[in-house]
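> Quick one, what's the 3D model for this:
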Amino acid sequence: MRINKQIWLTLGVAGLISLLSAWFHYQASGYQTISLEIRTNTELETPVFQLFYDLGRGYRERDSHSFLLQPGESFQQLSYTIPSHTIHGLRLDFLNGPGQVTLRQLTFHPADSDYLAPAPQVQLHFNQAEPLNHSPAGLTIRTRPEANDPFVQLSLEQPICHPCSHPLWPQLLFALKVFTFLGLCLGTVLLLTRR
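Numbers count the residues shown, from 1 in each chain. The predicted model follows:
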């Protein structure tokens, strides 16, 4: 009877650790990073860039992230990691007042493939701003002199799907591997302690 309790306890601990491992593994695979480079020319004391991402509920403050910009001649790298969701659109509030910016290398990692913008399937909509130059080197945008909320909205013809939209069975297979390994290890320890 005591052996049965030890076996069930061993299997229970192995199963719990396996499920937790699979859950963490699944969560870790469900994040992607949005990154871009920006060069800023403005007289604002504290220029701010705010990234909004539409997860199917429109653009909301809770689905956004702000960065403090450093004006100058060099490009500044901005990156932000979001949980697994399908992205329906992006809004780049590139300044909080008048000025000029150049945006380039907007990418998503990981995904089935890198997604670069601007691209043919992206439509750009400007608010309180207008594009000056649109080339492979980047997109230069100048705000209107009275701008207080300039942004560029990227409307996607096809949503950007996340890795977490993939089936759950690979994570269950991972849990089974962990369970087998832990069961063998704990079973061996149990047998060794009985001697």
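> Please make it C-alpha for all contacts and neighbour counts, starting now.
Will do.
> measure stretch 80-94 end to end?
End-to-end span of stretch 80-94 (CA to CA, to the nearest Å): 15 Å.
> So for it, what gets flagged as buried?
84-94 (16 or more other CA atoms under 10 Å).
> and if you look at stretch 55-74?
55, 59, 64, 69-71.
> Bridge partners for Val122, pull those for me.
Following DSSP bridges, Val122 is listed with bridge partners Leu156.
> Hmm, Phe151 is touching Gly97, no?
No - at 10.1 Å, Phe151 does not count as touching Gly97 under the criterion of CA atoms under 8 Å.
> Tell me how many other residues crowd Glu146.
Applying other CA atoms under 10 Å, we find 11 residues neighbouring Glu146.
> List the residues that contact it.
Contact analysis of Glu146 by CA atoms under 8 Å, 6 or more residues apart in numbering lists 97-98.
> where does it fall, phi/psi-wise?
Backbone torsions for Glu146, taken as degrees, to the nearest 10, come to phi -90, psi 10.
> show me where the chain has helices.
With DSSP state H as the criterion, the chain has helices at 2-28, 169-194.
> where among the ones you listed is the average confidence lowest?
Least confidently modelled of the helices of the chain is helix 2-28, at a mean of 63 by mean pLDDT.
> what's the domain layout of this protein?
2-28+167-194, 32-161 (automatic domain parsing).
> any idea which of the ones you listed scores lowest on pLDDT?
Among the domains of the chain, domain 2-28+167-194 carries the lowest mean pLDDT (a mean of 65).
> Enumerate every residue touching the closest residue in space to Glu61 that isn't next to it in sequence.
Leaving out its chain neighbours, the residue that sits closest to Glu61 by CA to CA, 6 or more residues apart in numbering is Phe52, at 7.4 Å. Shown in contact with Phe52 (CA under 8 Å, 6+ apart): 59-61, 63-65, 90-93.
> in the sheet, who's paired with Phe52?
Those that pair with Phe52 in a beta bridge, by DSSP bridges, are Ser64, Arg91.
> gap between it and Gly12?
Taking CA to CA as the measure, Phe52 and Gly12 are separated by 44 Å.
> cool, and Thr46?
55 Å.
> With Phe49 instead?
The gap separating Phe49 from Gly12 is 49 Å, by CA to CA.
> Looking at those two, which is more packed in?
Taking other CA under 10 Å, Phe49 and Gly12 do not tie; Phe49 has more neighbours (20 against 14).
> The more buried one is in contact with Ser66, isn't it?
Yes - between Phe49 and Ser66 there is a contact under CA under 8 Å: 5.6 Å.
> Please tell me how far Phe75 sits from Pro47.
Applying CA to CA, the value for Phe75 to Pro47 is 14 Å.
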